[in-house]
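Enquirer: Show me the folded form of this:
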Amino acid sequence: MKFDIKEWYGKINKKHVAILVGSMFFALAVIAGLVGYIQYQQTQSRIEKAMQDEEVESIMFSNNQSAEAATPKKPSDYSVGMDYNEAVKQNKPMVVLFYADWCRFCIGFMPKFEMLYGMYKDQYNFVKVNVEDEKYKNLVESADLSGFPSLFLMDDRHDNIVFIPNTKLADTKKLRIELDRFARISKLLDKHS
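Expert: Predicted structure coming up:
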């Protein structure tokens, strides 16, 4: 028995073909609509996340000052941070910033450091170490710094020290990921020690 397409085509009801083709177009339209809706939702989610990040970063400016209106001040002018020796005694993980008042990158980083303090002050002690202060001479030498600002996450309870590369200092999201990760590890080490 040989298949004859002309015979098969002749037996097909044209009405059924039209319904089938119409159904396929309808299904494609529904699928396209769903894909468009999913992409729209993902875009909206990204926009909301970006807006939340902007709101978080606005914490660094008080009294409704804008970034343009804020005048840069030296890192030592900021009230954020405590003395290193006091922080070590408190038995809590630390965010340690090594800075110099003349360093323009340090000056630029301070609003972000202040913002992070507002977000993480319950989990970390925030410490500023002026590299030109004689009382920190041994600490600065042992840190083996290659530039400023230099940021370290330290937990003396577990002898855990992590250097945060400057490439992450510029990216708030990456910096927060590192802070969250270090806090998580410190909590795990606390449970198992």
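
Enquirer: Okay, domains of this structure per the record?
Expert: If you go by automatic domain parsing, the domain ranges for the chain are 1-60, 75-191.

Enquirer: could I get these as TSV with mean pLDDT?
Expert: What follows is the domains of the chain, written out as TSV (pLDDT from 0 to 100):
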stretch	mean pLDDT
domain 1-60	70
domain 75-191	93
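
Enquirer: For these, state which one has the densest average packing.
Expert: Among these, domain 75-191 has the highest mean neighbour count (mean count of other C-beta atoms under 10 Å), at a mean of 16. C-betas here are computed from N, CA, C, even on glycine.

Enquirer: what about that domain, distance to the chain center?
Expert: Its chain's C-alpha centre and that of domain 75-191 lie 16 Å apart, by C-alpha atoms, centre = their mean, to the nearest Å.

Enquirer: Next, the distance between the ends of that domain.
Expert: 36 Å (C-alpha to C-alpha, to the nearest Å).

Enquirer: contacting residues for Ser193?
Expert: The contact partners of Ser193, by C-beta atoms under 8 Å, 6 or more residues apart in numbering, come to Arg157, His158.

Enquirer: Quick check: it vs Asp155, distance?
Expert: Remark: distance between Ser193 and Asp155 (C-beta to C-beta, to the nearest Å) = 11 Å.

Enquirer: Now do the shared contacts for these two.
Expert: Common neighbours of Ser193 and Asp155 (C-beta under 8 Å, 6+ apart) do not exist.

Enquirer: Centroid-nearest residue for this structure?
Expert: Taking C-alpha atoms, centre = their mean, the centroid of the chain lies closest to Lys173, which sits 1.4 Å from it.

Enquirer: Let's verify it: helix, strand, or coil?
Expert: Assigned with DSSP: H, G, I helix; E, B strand; the rest coil, Lys173 falls in the helix class.

Enquirer: Equivalent analysis for the one 5 residues further on, please.
Expert: Of the three states, Glu178 takes helix according to three-state DSSP.

Enquirer: Tell me if I'm right that it and Val162 touch.
Expert: Yes - the pair Glu178 / Val162 is scored as a contact, 7.4 Å apart, by C-beta atoms under 8 Å.

Enquirer: Mutual contacts of the two, please.
Expert: Leu153.

Enquirer: Just the strands from the protein, written as ranges.
Expert: Listed in chain order, the strands of the chain (DSSP state E) span 94-99, 125-130, 150-155, 160-164.

Enquirer: Of all these, which one comes closest to Leu20?
Expert: Proximity to Leu20, assessed across the strands of the chain by C-beta to C-beta, is greatest for strand 160-164 (61.5 Å).

Enquirer: contact partners of the closest one?
Expert: The contact list for strand 160-164, computed with C-beta under 8 Å, 6+ apart, reads Ser150, Leu151, Phe152, Leu153, Met154, Asp155, Leu175, Glu178, Phe182, Ile185, Ser186, Leu189.

Enquirer: Same question for stretch 166-179.
Expert: Stretch 166-179 has contacts (C-beta under 8 Å, 6+ apart) with 53, 56-57, 95, 105, 109, 112, 115-116, 119-120, 123-124, 147, 149-151, 153, 162, 164.
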